Structures are given as structure tokens and as C-alpha cells.
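>>> Task: produce atomic coordinates for the following.
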Amino acid sequence: MKNSILTLGLAASVLVASCGDRKTEDNGEIELEAQNQQVTPEDMFQTSGEDGETSPEDLAEINSAKKVINDYFDAIERGTFNEAYESLAKTNSDRTTPSEFAEKYADVESATVSYTTNPEVVKGANGTDVKLPFRYTILTKDGNSMTYNGSAMIVKSSEEDADYMIQGMTMNREES
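Numbering: from 1, shown residues only. The predicted structure is shown next:
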């Protein structure tokens with residue numbers, strides 16, 4: 001009795017194993033395919049996700065920072081320089097005075113912004129910083145085009161209801 005149960009179990013195992021990876025040729029013959037998988041030490045460890053995966057919280061911070069940059073250039077394009085000026089943090093070295101800021105951007109006809117590489121989000125006790133790499137092209141009213149590439153540091157203090165502000169931009173003009 002034990003031998004027949006053992007034989008039956010062995011036959012069922014062979015049958016299940018042989019059915020797993022078979023292919024049928026057009027002529028009706030069954031072709032078995034051997035699986036040759038090697039397991040590496042890296043396969044032994046499970047990870048929570050791919051390297052560089054951005055959390056939903058960080059994505060929300062990045063989108064908020066991008067909105068600040070988009071609104072900044074939209075305000076410059078519309079000629080509402082005070083609105084653009086107000087998005088600069090008080091410690092921003094480009095802040096100057098409102099009239100100097102308006103004069104600097106008075107000849108802008110349009111601005112086009114594109115985001116280039118992965119931004120970095122750093123959360124700390126004082127708030128959240130987003131280093132946002134991007135590129136923008138400005139078309140002046142007299143038809144000149146200037147393109148800049150670099151990054152902006154967008155910061156938000158940890159105070160309740162704090163908004164993101166442009167701390168600074170490190171941009172280099174591209175040669176035309």
C-alpha cells in the first residue's frame with residue numbers, strides 16, 4: 001500500500017513538472033523546454049521599489065515647486081512683475097528692488113520653461129527644500145532669444161501655511 005501511494009505521488013509529480021514548460025509544434029509533437037535560470041545574490045534580497053523611486057509626498061513637493069517656477073515666468077511674461085517679485089524669498093540675492101526687478105524683465109515677450117533632470121527634495125526641521133533643475137528660453141520684444149540652463153532652489157519653511165519661495169537660481173546662458 002505504501003509503495004503504491006509513493007509511486008502514485010511520484011508519477012503525479014513527474015506529470016505536473018513535465019506539463020509546466022511544454023510547447024506543441026505544428027505537427028502535434030510535444031517539445032519540452034528546459035528552464036535555465038540562475039539566481040544571483042542580488043535576487044535573494046527584496047527591495048521596496050526601484051532605485052530613484054520618488055514617494056508620493058516628494059512628488060507633491062516637486063509639483064508645488066514647479067508651480068512656483070511656472071507662475072514666476074508666467075507673471076514675467078504677462079508683465080505683472082510685482083507678482084513675480086513676490087515669489088522670491090526675502091533672502092534671494094536676485095531680489096533687488098521691485099522697480100529694478102521690473103526694469104530687468106520689461107522687454108520679455110515670452111518665456112518657455114522645461115524641467116530637465118530629477119529634482120531633489122530635502123526635508124528638515126526648518127522646512128522643505130526642492131532643488132529643481134530646469135531650462136528656460138526667453139524671447140524679447142525685439143526678437144532676441146536667450147536660453148538658460150541650471151537649477152532653482154525652492155524653499156518652504158516649516159511654519160503652518162507656509163508657501164514655497166524661490167531662494168535662488170543658478171543658471172548659465174547657453175550659446176546660440
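>>> contacts and neighbour counts: CA atoms only from here.
Noted.
>>> Break this protein down into its structural domains.
Using automatic domain parsing, the domain parsing of the chain gives 2-44, 58-173.
>>> Same question for stretch 109-118: list its buried residues.
Across stretch 109-118, burial judged by 16 or more other C-alpha atoms under 10 Å covers 109-111, 113.
>>> among these, which are in strands?
Members of the buried residues of stretch 109-118 lying in strands (criterion: DSSP state E): 109-111, 113.
>>> Let me have the residues you listed in JSON lines, extended by distance to residue 124.
Shown next, in JSON lines, are those (distance: C-alpha to C-alpha, whole Å):
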{"residue": "109", "distance to residue 124": "38"}
{"residue": "110", "distance to residue 124": "36"}
{"residue": "111", "distance to residue 124": "33"}
{"residue": "113", "distance to residue 124": "28"}
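>>> Now do the same contact list for residue 114.
Contact analysis of residue 114 by C-alpha atoms under 8 Å, 6 or more residues apart in numbering lists 134-136.
>>> Bridged to it, which residues?
Going by DSSP bridges, residue 114 is paired in beta bridges with residue 135.
>>> Compute the distance between it and residue 161, please.
28 Å (C-alpha to C-alpha, to the nearest Å).
>>> and if you look at residue 104?
Residue 104 is 31 Å from residue 161, by C-alpha to C-alpha.
>>> neighbour count winner among those two?
Looking at residue 104 and residue 161 with other C-alpha atoms under 10 Å, you find the greater number of neighbours at residue 104, namely 11 against 8.
>>> What does the pLDDT read for the closest residue to residue 79 other than its chain neighbours?
Spatial nearest neighbour of residue 79, excluding adjacent residues (C-alpha to C-alpha, 6 or more residues apart in numbering): residue 106 at 7.1 Å. On the pLDDT scale, residue 106 is placed at 95.
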